[in-house]
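Peer 1: got a predicted model here, sequence first, then my questions.
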Amino acid sequence: MTEMNELSLSQFQYDLPDDRIARFPLAQRDASKLLVYQGGQISHQQFSDLPALLPENSFLVFNNTKVIPARLHFTKPTGAIIELFLLSPFPTEQPISLAMEATGSAVWQGMIGNRKRWRPNETLETTFSTPAGDVTLTVTWYNYEQSAVQLSWQPAEFTFAQIVQYAGEIPLPPYLKRDATDADRDTYQTIYSKQEGAVAAPTAGLHFTPAIFEAISKRAIGYDYLTLHVGAGTFQPIKTDDVRQHHMHTEQVVYTEQIIRHLLEHRDAIIAVGTTSMRALESLYWMGTKLLRNEPDPFRLDQQYAYQLPADQQPSVADSLNAVLTYFRDTDKASIVAQTGIYITPGYPVKLCRGIITNFHQPGSTLILLIATLIGDNWKRVYNDALENQYRFLSYGDSSLLLP
């Protein structure tokens, strides 16, 4: 078992002035700054320079989840406004892709604003316009204790994805401290977003443009996609003094056979585009490990699993990925829908990722812990340099390329 020394939250704090938080994106996605950390050295570039800065034969892995307009508002006859922040279909094991295609009704779990003003037996209703005519949307409690609600709509032929697109608002991170605008529907999505279901963007990818992809392809740098539906838990602060006692959120991730094959071919050159991609990639190794060990529920990973297996019992990356590939062949599945609660903290043995492209994260967050796992205490140098050089921080901020 990996040594689990106490890690104090204070070790992962830094002073982030409020005026360094980027409230809005730049007009041009790839005009952001790019801090490059490679082999202990730091340099300052522009994101548009990224293709030329990537190591030869690098293989990039993107998260192609798409943020849904998950905030819905209902006004009671009294004037009280109830806000639903829909987080995941209920039960949570349901594939989000299927839940988005539901027609007529759907059950989702979420956070309820002004909850005390909504009685358990009370139905809320709103009507909104679409190009095909008006839609009436009603909502009732499905499971009050678990904050699950049932939404129903007429005409029933609309999909749930269409309902939230017409009726919902994009859920911006709370630290932006502003309401979403129509522009955020575009700017708070990556240009390659495809699979609807996230309530937060994989923000490392916001900087990528068609020109960046074209330049990457000209260098013969490969890339592929997986899907991790980012949940609101990504913003959940750590409140325990020992960060290892923090309860990590679980997110749904989808893998295809193609991505497994690509990872096997490029397993020594994988660069994650964002912390969500890194979580999904590292989770995959342990899921393959569970398959090799014939353990139950191999595609459900809790936050402690990666720290429980002695190093001499951990398979090679190739063996683990081949186990997943064999599973695809044996089951003839088109994709694997998994649940991961992986918690990457210093002391974690990084398996697949040789580097990461990522924004600058909140002090004392699980994302800072992930960065510290990859580059050690040098994360403090990186962040101090970024502050001293007027970098913009958080979701709409600047970027970094970290190569240990």
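Peer 2: It's in.

Peer 1: list the contacts for the closest residue to P404 other than its chain neighbours?
Peer 2: Excluding its sequence neighbours, the residue lying closest to P404 (C-beta to C-beta, 6 or more residues apart in numbering) is I375, at 5.3 Å. Backbone N, C-alpha and C define where each C-beta goes, glycine included. Residues near I375 by C-beta atoms under 8 Å, 6 or more residues apart in numbering: 37, 382, 402, 404.

Peer 1: now compare the residues you listed and name the two farthest from each other.
Peer 2: V382 and P404 (11.4 Å; C-beta to C-beta).

Peer 1: who has more neighbours, those two?
Peer 2: Comparing V382 with P404 by neighbour count (other C-beta atoms under 10 Å), the higher total belongs to V382, at 19 against 16.

Peer 1: dump the contacts of I375 into a markdown table; add distance to E196 and secondary structure as well.
Peer 2: Formatted as a markdown table, the contacts of I375 follow (distance: C-beta to C-beta, whole Å; DSSP: H, G, I helix; E, B strand; the rest coil):
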| residue | distance to E196 | secondary structure |
| --- | --- | --- |
| Y37 | 34 | strand |
| V382 | 33 | helix |
| L402 | 29 | strand |
| P404 | 34 | coil |
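
Peer 1: closest one of these to T209?
Peer 2: Using C-beta to C-beta, those come closest to T209 at L402, 20.9 Å.

Peer 1: counting neighbours, what do you get for the closest one?
Peer 2: By other C-beta under 10 Å, the residues close to L402 number 21.

Peer 1: now do it against E6, distance only.
Peer 2: In this structure, L402 and E6 are separated by 25 Å, where distance is defined by C-beta to C-beta, to the nearest Å.

Peer 1: can you pull the phi and psi angles for the residue nearest to P404?
Peer 2: For I375, the backbone dihedrals (degrees, to the nearest 10) come out as phi -120, psi 10.

Peer 1: now do the helices in the stretch 101-250 of the chain.
Peer 2: 160-167, 184-187, 210-218 (DSSP state H, counting those that start in this stretch).

Peer 1: for those, which one sits closest to Y14?
Peer 2: Proximity of those to Y14 was assessed by C-beta to C-beta; the nearest stretch is helix 184-187, lying at 26.5 Å.

Peer 1: can I get stretch 281-299 as CSV, trimmed to CA atoms?
Peer 2: The C-alpha trace of stretch 281-299 is given here as CSV (Å, rounded to 0.1, in the frame of the first residue of the first chain):
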residue,chain,number,x,y,z
LEU,A,281,-6.6,8.7,-18.5
GLU,A,282,-5.3,7.8,-15.1
SER,A,283,-8.6,6.2,-14.2
LEU,A,284,-8.4,4.0,-17.3
TYR,A,285,-5.2,2.5,-16.0
TRP,A,286,-6.8,1.4,-12.8
MET,A,287,-9.9,0.1,-14.5
GLY,A,288,-7.6,-2.1,-16.6
THR,A,289,-5.9,-3.2,-13.4
LYS,A,290,-9.3,-4.2,-12.0
LEU,A,291,-10.0,-6.3,-15.1
LEU,A,292,-6.7,-8.1,-14.8
ARG,A,293,-7.3,-8.9,-11.2
ASN,A,294,-10.9,-10.1,-12.0
GLU,A,295,-12.3,-7.6,-9.5
PRO,A,296,-16.0,-6.7,-9.4
ASP,A,297,-17.4,-3.6,-11.0
PRO,A,298,-14.1,-2.8,-12.9
PHE,A,299,-15.4,0.4,-14.4
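
Peer 1: the closest residue to Y144 other than its chain neighbours and T140, how far apart?
Peer 2: The shortest distance from Y144 to any non-neighbouring residue, by C-beta to C-beta, 6+ apart, is to P120 (5.2 Å). Separation of P120 from T140 (C-beta to C-beta) stands at 9 Å.

Peer 1: which one's more surrounded, these two?
Peer 2: A direct count of neighbours by other C-beta under 10 Å for P120 and T140 places T140 higher, at 15 against 7.

Peer 1: so what's N64 up against?
Peer 2: With contacts taken as C-beta under 8 Å, 6+ apart, N64 has the following neighbours: 190, 192-195, 225-227.

Peer 1: same question for E265.
Peer 2: With contacts taken as C-beta under 8 Å, 6+ apart, E265 has the following neighbours: F59.

Peer 1: now with 6 Å?
Peer 2: For E265, no contacting residues are found, by C-beta atoms under 6 Å, 6 or more residues apart in numbering.

Peer 1: check the one 5 residues further on too.
Peer 2: When the contact criterion is C-beta under 6 Å, 6+ apart, the partners of I270 are 59, 352-354.

Peer 1: now do it against I356, distance only.
Peer 2: Taking C-beta to C-beta as the measure, I270 falls 10 Å from I356.

Peer 1: just to revisit the earlier point, go ahead and confirm the residue nearest to Y144 touches N143.
Peer 2: No. Counting by C-beta atoms under 6 Å, N143 is not a contact partner of P120; they are 10.3 Å apart.

Peer 1: run a quick neighbour tally on the closest residue to R20 other than its chain neighbours.
Peer 2: Nearest in space to R20, with sequence neighbours left out and distances taken as C-beta to C-beta, 6+ apart, is F393 at 4.9 Å. Counted with other C-beta under 10 Å, the neighbours of F393 add up to 22.

Peer 1: P363 belongs to a strand?
Peer 2: No. Under DSSP: H, G, I helix; E, B strand; the rest coil, P363 falls outside any strand and is assigned coil.

Peer 1: what score does it have for pLDDT?
Peer 2: Reading off the confidence values, P363 has pLDDT 97.

Peer 1: OK, contacts around it?
Peer 2: Applying C-beta under 6 Å, 6+ apart, one finds that P363 lies in contact with 13-14, 16.

Peer 1: could you redo the last one with a cut-off of 8 Å?
Peer 2: Here P363 is in contact with 12-16 (C-beta under 8 Å, 6+ apart).

Peer 1: can you check L284 too?
Peer 2: If a contact means C-beta under 8 Å, 6+ apart, then L284 has 255, 260, 263, 320-321, 324, 352 as its contacts.
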